[in-house]
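S.K.: sharing a model prediction with you, sequence too.
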Amino acid sequence: MPRRRTLSRTFRSALALTALTVFAASFAYPAQADDIPKAPGHRLVEQYTGGPAEARPLPGQQPPQHPYLAANGRSGMHADAAGSGTYPWNGPLGKKPEVGSEKMAALGGECATVTFDKAGRIVTVCGTFTGFLVKLLDPDTMKTLAEYKLPQRPSTVEAITRLDFSKIFKDTSGGAYSYLDNEDRLVLADSRQHIVRLAHEQAADGSWRFVVDKDWDLTAHVPHDCVTWSHLYPSGECDPVTSVMPDWDGRIWWVTRQGRVGTVDPKSGDIRSIRLDGEEIQNSFSVAEDGVSIVSDHALYSFRAGADDTPKAVWRQTYDRGTGTKPGSVNQGSGTTPDLFGKGDDDYVAITDNADDRMNVLVYRRGEDIADDKRLVCKVPVFGAGASTTDNSLITWGNSLVVENNYGYENITSLTFGRSVVGGVSRIDVREDGSGCDTVWESDVRAPSNVPKLSTASGLLYFYTKEPNSLGIDAWYLTAVDFRTGETKWKRLAGTGIAYDNNWAPVTLGPDGTAYVGVFNGLVAVRDTE
């Protein structure tokens, strides 16, 4: 068995290197300006299927606006503090949609979290093989207006020196999760275990730049003997910071891969933290007025700050974490950022588990004074036996949840040569009386690793999809699905080849109706032309 595992790792590394070589070679093909290059075969697949959808607004209200975040829909990867994945404006309706793209680096360049300042400019973080880049982009042309380089992540150094690229593709630290605050400043945790707040400003000559507004050093609380180019074989411990978010009082909360949970007082700079022994946190977290919801690879937590700002667990609920990591999961545990929804006496939080046979959607009551045996509202199995997992947040609107199946996707080499995943999307509704949940519809849409989104103005869900192709063409599509019925309304080709693999990045809907998708080589935009 040990030899078999070693051979498997060697094969995966060789495959990753081969794929990257092929990807680099693709730059030999002519490309317009800085467009992301398409792989051969893009003219042999359908460019557009279906037809334009009619906007049918959904009844209900957006999640409460967080006082320390940019307006809902503009602030982060999951659109708002509750993690709902919903936008109050239209996305593209499929009216002769056109596609544009912007290449961000020679290798890599994926722009994951896409936010929008008050003027509609894009503030994003793009991952390259030389380090993460914070970028200010023109939303129409996606041209770079300003750039700020973050320190390189240890996982990138390890991947290159040890020929194991899985370390990059399963690393959620270093700024991948960031947020735009209520003053248009981007807040993130970099690979030095610092929380950095960046403002962007325009000079008299019209040029833009990023400036460091604040820098909080967490290294007194977080082990930081990490791999660097000048320190290839550290003997100590390295614990990357996964995500940051503010609570309703303005404290900045942070979590690390190895289960540390902490706060920063932005005024005093005071830092407090605790450790969830033996637990990992690989996803972001969500915030409401009643507290901070965090899921580890063992349990779901509700936290509040104590009198001295030290994180305090209000309640903890374990779930079925299965017996191993599935293909399509970053670690052995829930792959979801908690979703907060409901109203008044019916405040809920939803995640998925990692049960071996079939993953379950779990909905819990959020209240503090609820007995453990009364907290679970429902446990709904989804997708096929032996082939179900997700590593993306759910979508929540009203009492409805939408979940996608990522089983089979691990990195950009997973779906080459025309391959795809088993796929599947389900909508589940919590009953009005809170007595349980019901499956409303199921779809065979294949979204390998996409953080999907919902436009409540149009009633359309947006996925980034890939179908099997017998010719070996890897074609990626923006796909619109009716929230009410699960019917696929239209699909528009975004591009072909691994350069267009989104590799866990989300769909983001811009205030002007454009759908943006972070892909391996940069950022793609799909917008209506009528």
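M.R.: Nice, thanks for sending it over. Residues are numbered from 1 along each chain as shown.

S.K.: bridge partners for A146, pull those for me.
M.R.: L136 (DSSP bridges).

S.K.: tell me how many other residues crowd it.
M.R.: Counted with other CB atoms under 10 Å, residues neighbouring A146 total 19. Any C-beta I mention is one placed from the backbone N, CA and C, and that applies to glycine too.

S.K.: low-confidence stretches in the stretch 101-250 of the chain?
M.R.: Within the stretch 101-250 of the chain, the stretches with pLDDT under 70 are 166-167.

S.K.: how about the helices in the chain?
M.R.: Under the criterion DSSP state H, the chain contains helices at 2-25, 154-162, 166-169, 372-375.

S.K.: now the first one: mean pLDDT?
M.R.: Spelled out, it's helix 2-25. For helix 2-25, the mean per-residue pLDDT is 37.

S.K.: A146 contacts T124, doesn't it?
M.R.: No - using CB atoms under 8 Å as the test, A146 is too far from T124 to be in contact (11.4 Å).

S.K.: any common contacting residues for those two?
M.R.: Counting by CB atoms under 8 Å, 6 or more residues apart in numbering, the residues touching both A146 and T124 are K135.

S.K.: burial of V99, as a residue count?
M.R.: Neighbourhood size, V99 [other CB under 10 Å]: 20.

S.K.: quick check: it touching T496?
M.R.: No - applying CB under 8 Å as the test, V99 and T496 come out as separate, 11.5 Å apart.

S.K.: mutual contacts of these two, please.
M.R.: Common contacts of V99 and T496 (CB under 8 Å, 6+ apart): none found.

S.K.: buried stuff in stretch 279-289?
M.R.: 279-288 (16 or more other CB atoms under 10 Å).

S.K.: max pairwise distance over those: which two?
M.R.: E280 and A288 (23.6 Å; CB to CB).

S.K.: avg pLDDT for stretch 475-488?
M.R.: pLDDT averaged over stretch 475-488 gives 98.

S.K.: what about that stretch, how long is it end to end?
M.R.: Terminal residues of stretch 475-488 lie 17 Å apart, using CA to CA, to the nearest Å.

S.K.: now swap in stretch 325-338 and tell me
M.R.: Stretch 325-338 end-to-end distance (CA to CA) = 19 Å.

S.K.: can you check stretch 417-430 too?
M.R.: With CA to CA as the measure, stretch 417-430 spans 40 Å from end to end.

S.K.: same question for that stretch, mean pLDDT?
M.R.: Per-residue pLDDT values across stretch 417-430 average out to 97.

S.K.: please point out which parts of it sit buried.
M.R.: Buried positions in stretch 417-430, judged by neighbour count with 16+ other CB under 10 Å: 418-430.

S.K.: among those, which one sits closest to R153?
M.R.: V421 (26.5 Å).

S.K.: need the contact list for the residue nearest to the closest one when sequence neighbours are not counted.
M.R.: Counting by CB to CB, 6 or more residues apart in numbering, G408 is the residue found nearest to V421 once chain neighbours are left out, at 4.0 Å. With contact taken as CB under 8 Å, 6+ apart, G408 is in contact with 327-328, 387, 414, 421-422, 448.

S.K.: got it, and I370?
M.R.: W315.

S.K.: redo that, cut-off 10 Å
M.R.: Going by CB atoms under 10 Å, 6 or more residues apart in numbering, I370 touches 315, 364, 376.

S.K.: among the residues you listed, which one sits closest to A525?
M.R.: Closest approach to A525 among the contacts of I370 (CB to CB): Y364, at 37.2 Å.

S.K.: tell me the bridge partners for the closest one.
M.R.: Beta-bridge partners for Y364, by DSSP bridges, are V349, L376.

S.K.: do the same with W490
M.R.: Beta-bridge pairing of W490 under DSSP bridges involves G50, A480.

S.K.: burial measure for it, as a count.
M.R.: Applying other CB under 10 Å, we find 21 other residues in the vicinity of W490.

S.K.: what comes up buried for stretch 90-104?
M.R.: By 16+ other CB under 10 Å, the buried positions in stretch 90-104 come out as 90-94, 97, 99-104.

S.K.: dump stretch 233-251 to PDB, restricted to CA.
M.R.: Extracted as PDB, the C-alpha positions of stretch 233-251 are listed here (Å, rounded to 0.1, in the frame of the first residue of the first chain):
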ATOM      1  CA  TYR A 233      12.800  23.200   5.000                       C
ATOM      2  CA  PRO A 234      11.400  24.700   8.100                       C
ATOM      3  CA  SER A 235      11.400  22.700  11.300                       C
ATOM      4  CA  GLY A 236       8.500  24.400  13.000                       C
ATOM      5  CA  GLU A 237       4.800  24.800  12.400                       C
ATOM      6  CA  CYS A 238       3.000  26.900   9.800                       C
ATOM      7  CA  ASP A 239      -0.700  27.700  10.200                       C
ATOM      8  CA  PRO A 240      -2.200  29.700   7.200                       C
ATOM      9  CA  VAL A 241      -5.000  32.100   7.800                       C
ATOM     10  CA  THR A 242      -8.000  31.000   5.800                       C
ATOM     11  CA  SER A 243     -10.600  33.800   6.000                       C
ATOM     12  CA  VAL A 244     -11.500  37.100   7.600                       C
ATOM     13  CA  MET A 245     -14.900  38.800   8.200                       C
ATOM     14  CA  PRO A 246     -16.200  41.600  10.500                       C
ATOM     15  CA  ASP A 247     -19.000  41.100  13.000                       C
ATOM     16  CA  TRP A 248     -21.900  43.500  13.600                       C
ATOM     17  CA  ASP A 249     -19.800  45.500  16.100                       C
ATOM     18  CA  GLY A 250     -16.800  46.000  13.700                       C
ATOM     19  CA  ARG A 251     -14.400  43.400  15.100                       C
END
